[in-house]
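Student: starting from these lines, generate the structure:
(6 chains)
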Number of protein chains: 4
Amino acid sequence: MGTKGQQTAQLIKTAARTVFKRDGYLNARMTDIADEAGKSPATLYNYFDNKREILHAMLEDFLSRVLDQGNPDPQGVYTSESLRSAIAVFWRTYTEFLPELVGITHAASVEDEFLQAWMQIREVGVKQIAGRVKVLQRQGLVDPKLDPYVAASALSSMLEHSCYLWLGMDAGGIGRPGSDDEAIDTLTYLWSRALGIE
Amino acid sequence: MGTKGQQTAQLIKTAARTVFKRDGYLNARMTDIADEAGKSPATLYNYFDNKREILHAMLEDFLSRVLDQGNPDPQGVYTSESLRSAIAVFWRTYTEFLPELVGITHAASVEDEFLQAWMQIREVGVKQIAGRVKVLQRQGLVDPKLDPYVAASALSSMLEHSCYLWLGMDAGGIGRPGSDDEAIDTLTYLWSRALGIE
Amino acid sequence: MGTKGQQTAQLIKTAARTVFKRDGYLNARMTDIADEAGKSPATLYNYFDNKREILHAMLEDFLSRVLDQGNPDPQGVYTSESLRSAIAVFWRTYTEFLPELVGITHAASVEDEFLQAWMQIREVGVKQIAGRVKVLQRQGLVDPKLDPYVAASALSSMLEHSCYLWLGMDAGGIGRPGSDDEAIDTLTYLWSRALGIE
Amino acid sequence: MGTKGQQTAQLIKTAARTVFKRDGYLNARMTDIADEAGKSPATLYNYFDNKREILHAMLEDFLSRVLDQGNPDPQGVYTSESLRSAIAVFWRTYTEFLPELVGITHAASVEDEFLQAWMQIREVGVKQIAGRVKVLQRQGLVDPKLDPYVAASALSSMLEHSCYLWLGMDAGGIGRPGSDDEAIDTLTYLWSRALGIE
DNA sequence: TATGAATGAGATTTCATTCAT
DNA sequence: GATGAATGAAATCTCATTCAT
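Tutor: Here you go, the predicted model:
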């Protein structure tokens, strides 16, 4: 259950999530987070050096919860079903970690450090997708001239940016899916056809 | 050639482009833009009320240069060639107006006003793509159950976010194309297969 | 005694009184008040949003000290004695709250909000005087054709503006009374004769 | 008819009157006056060193039009009629020179120089009234113990401040007269009774 | 561990005023 | 004589961060 201190650190991170989600990482002020946590601003500094460190801590929690827990099947193969399932997992993960994933995107627009962090997280996914693409190329389902990493990056962008706009932005504009399933179905459809899967 | 005043307004916008590109819209200070323009900060305020207005003015220039000059073919149809050409146009436009297009993305993360503006610009493209998708659905090349706007939004995200990362970010991470052509080819390949073209 | 914070808020108001009195509300800068309070300018903003809010707070203190503590005798009648006493009370109040009362006058010349506030404070006095005038009209001591509010406003102006010039202005010009009593006596004399008392 | 230059100077003063009346002297900016005059700000500086000098020039025009043109009857005596007429003249003068007279009041709250100027103008009136009071004291109509200057200053305040509030302030508050005549009648009534006239 | 209070450092913004033409 | 354009010099205000308790 953790010491008092660990509890407080968690309390602060939870407050930060709330504030980041509500106001955006860039608009969030330390005092807002402190208010949300019901603590004095000074208390935050007993746990985190600054707002950046709070986001970093949140991202570490995210990484240990998501990436480290195993990317099963490093040499995996896409089937219609596994693809849909992979996209659904991504969608749900983005939903669950919205403040972290939108936050890092915004932080990256201001600090190179977070751009690097973002690109590293992204790299995991891109590499995995690229692996699948290579398989498909061997199978003759994807043009062998394609650089699998470039293709993977592009596909990743479709997924990531759709999640960003559809889940993260209050005003997502035209073309917003009516349900999680519609989103996942549409993305799966486009993606599977692009990769020549069934 | 314009009056001195018009020249100065232009000078400021050009300086802002440079600074936005170098430091990012959010990091740019009025002082930086003034320095880049070789003017006093006070001078900027004779032309623009604040940094937001500079970006707005830049976006208006962009709109009058790009969107107003006609989206030819409102009921157009995708062929392999027209698709590649459309993607190439997008790519080149993004390249040319990088500070504006990255700028509005960043500004949107902080001010709702710019999120709206971004979504409006995006809407033009999404609608156009959706029109093409509808045609393909009628031709039986795309699943009629798909909402064409949702699909168009997802495809647009692939394009837009790939440009953002590959062109806009100094550290674009893994999977970066080696040339403009590779980028355009890869995007065209994925997109055309997703839409069942050829 | 109040918390440290309350003390500081009070300290700032006291400093503001001093500075307003010395330099005038309009000339006073936040820095001056901060210096006078022995605080950093930033500290002031932890307590008041701006100079206007400081004056507002001072006026609220004034109102709770003066107006709220009861205008006894709402249907009161003027006698020589009660009139002199009323004028003396006004004089002493103006003396005591000089920074507030001169301050609101000056602030009113620049911001409509303070003009309204001033007029509201004035209204209390004018209504009270008008009530007395009505009584005198019924007693046949004042011309019944007179609008009691107009007359009350004029009499109030005599009192108020005399206080403003004699107490508030360092250079009060010619005709300044030599003592508080002379001021009160003269005003009482003119006022009582104007109203036909005694 | 004047040279071009004199015409422009006049144009600027006229514009300043308009702006002072609309926005108040303190809120008026040089550029506002320039705009109103249809001239460049730089042009104003060819004629006046700053806003203060414009007001000064306006006040000189006022003085030459009003005070210099003779204060008839330096040893004059008040009768009911002459008193009403004197008050009516003051009222009309205040009406006519509202921007100047309200302007100097406001300027005085910020610069001592204008407080002095105001007091000097006021002195002319106070001295005249005091002269009348002395006569009335000799006639036994006013208490000889009264300092005639103090009484004159108080009476002057009634007149001046009533004009200021009733004519000058857009929100004059309660007790505003319905017409010029009502204002003049009320002031005359109070004043004449205060001085024991008739 | 927690915090109320305070502040340094800086960016934005305003406006009177000047200057080159 | 007139002006478009530019700017120096402030004042306001914000916020992350620290410190004494």
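Student: what's the biggest helix in chain A, counting residues?
Tutor: When every helix of chain A is counted residue by residue (DSSP state H), the longest turns out to be helix A:112-138.
Student: show me how far that one is from its chain's centre.
Tutor: Averaging C-alpha positions (Cα atoms, centre = their mean, to the nearest Å) puts helix A:112-138 12 Å from its chain's average.
Student: I'd like to know which elements that helix is packed against.
Tutor: Applying 3 or more Cβ pairs under 8 Å, 6 or more residues apart in numbering or on different chains; DSSP states H and E, one finds that helix A:112-138 contacts helix A:51-65, helix A:98-108, helix A:148-163. Placement of C-beta: from N, CA and C, glycine included.
Student: if we compare the ones you listed, which one ends up closest to chain B?
Tutor: With respect to chain B, and counting by Cβ to the nearest Cβ, the nearest of those is helix A:148-163 at 3.0 Å.
Student: tell me the angle the closest one makes with helix B:148-163.
Tutor: Per axes from the mean of the first three to the mean of the last three Cα atoms, to 10 degrees, the angle that helix A:148-163 makes with helix B:148-163 is 130 degrees.
Student: quick check: what element follows helix A:148-163 along the chain?
Tutor: Toward the C-terminus, helix A:148-163 is succeeded by helix A:180-194 as the next helix or strand (DSSP states H and E).
Student: tell me the buried residues in that next one?
Tutor: Along helix A:180-194, these residues count as buried under the neighbour rule (16 or more other Cβ atoms under 10 Å in any protein chain shown): A:182-194.
Student: now it: average pLDDT?
Tutor: Averaged across helix A:180-194, pLDDT comes to 97.
Student: okay, now the domains of chain A?
Tutor: Residue ranges for each domain of chain A read A:4-54, A:66-194, as given by automatic domain parsing.
Student: verify the contact between A:Trp118 and A:Ile104 for me.
Tutor: Yes: the pair A:Trp118 and A:Ile104 passes the contact test of Cβ atoms under 8 Å, sitting 4.9 Å apart.
Student: coming back round to it: out of the domains of chain A, deepest packed?
Tutor: Across the domains of chain A, averaging neighbours per residue (mean count of other Cβ atoms under 10 Å in any protein chain shown) puts domain A:66-194 on top, at a mean of 18.
Student: wait, does it contact DNA strand F?
Tutor: No: figure legend: domain A:66-194 not in contact with DNA strand F (Cβ under 7 Å from any atom of the strand); closest approach 11.9 Å.
Student: check the separation of the first and last residues in that domain.
Tutor: Counting by Cα to Cα, to the nearest Å, you get 27 Å between the two ends of domain A:66-194.
Student: so which residue is dead centre in chain A?
Tutor: The central residue of chain A, meaning the one whose C-alpha is nearest the mean C-alpha position (Cα atoms, centre = their mean), is A:Leu101 at 4.3 Å.
Student: show the pLDDT at the closest residue to that one other than its chain neighbours.
Tutor: Sequence neighbours aside, A:Tyr94 is the residue nearest to A:Leu101 in space, at 5.6 Å (criterion: Cβ to Cβ, 6 or more residues apart in numbering or on different chains). Note for A:Tyr94: predicted pLDDT of 97.
Student: check which helix or strand covers A:Tyr94.
Tutor: helix A:80-96.
Student: and the angle from that helix to helix A:51-65?
Tutor: For the pair helix A:80-96 and helix A:51-65, the angle between their directions (the same axes, to 10 degrees) equals 150 degrees.
Student: and helix A:80-96 with helix A:112-138, angle?
Tutor: Angular relation of helix A:80-96 and helix A:112-138 on a 0 to 180 degree scale: 170 degrees, by the same axes, to 10 degrees.
Student: hmm, who's touching helix A:80-96?
Tutor: When contacts are defined by Cβ atoms under 8 Å, 6 or more residues apart in numbering or on different chains, helix A:80-96 is touched by residues A:66, A:76, A:78, A:101, A:125, A:159-160, A:163-164, A:167, A:180, A:183-185, A:187-188, A:191-192, A:195, A:197-198.
Student: where does the prediction get shaky in chain A?
Tutor: Along chain A, the model assigns pLDDT under 70 to residues A:1-2, A:67-75, A:172.
Student: now the residue lying farthest from the centre of it, what's its secondary structure?
Tutor: Relative to the C-alpha centroid of chain A, counting by Cα atoms, centre = their mean, A:Gly140 is the outermost residue, at 31.0 Å. Counting by DSSP: H, G, I helix; E, B strand; the rest coil, the backbone at A:Gly140 sits in coil.
Student: contact partners for it?
Tutor: Residues in contact with A:Gly140 (Cβ under 8 Å, 6+ apart): none are found.
Student: one more time with 10 Å
Tutor: Going by Cβ atoms under 10 Å, 6 or more residues apart in numbering or on different chains, A:Gly140 touches A:Gly196.
Student: same check on A:Leu115?
Tutor: The contact partners of A:Leu115, taken as Cβ under 10 Å, 6+ apart, are A:Ile104, A:Thr105, A:Ala107, A:Ala108, A:Ser109, B:Gly24, B:Leu165, B:Met169, B:Asp170, B:Ala171, B:Gly172, B:Gly173.
Student: quick check: the fifth one vs chain D, distance?
Tutor: According to Cβ to the nearest Cβ, to the nearest Å, A:Ser109 stands 37 Å off from chain D.
Student: without its sequence neighbours, what residue ends up closest to that residue?
Tutor: A:Ser109's closest residue in space is B:His106 (Cβ to Cβ, 6+ apart), at 4.3 Å.
Student: mind checking how far the one you found is from B:Gln128?
Tutor: 25 Å (Cβ to Cβ, to the nearest Å).
Student: which element is the residue of chain A found nearest chain C on?
Tutor: The shortest separation between chain A and chain C is 10.9 Å, found at A:Thr31 (distances taken as Cβ to the nearest Cβ). For A:Thr31, the enclosing helix or strand under DSSP H and E is helix A:30-37.
Student: any idea how far that helix is from the chain center?
Tutor: In terms of Cα atoms, centre = their mean, the centre of helix A:30-37 is found 24 Å from the chain centre.
Student: and what of stretch A:96-114?
Tutor: Chain-centre distance of stretch A:96-114: 9 Å, with Cα atoms, centre = their mean.
Student: and if you look at stretch A:50-59?
Tutor: Put simply, stretch A:50-59 sits 15 Å off its chain's centre (Cα atoms, centre = their mean).
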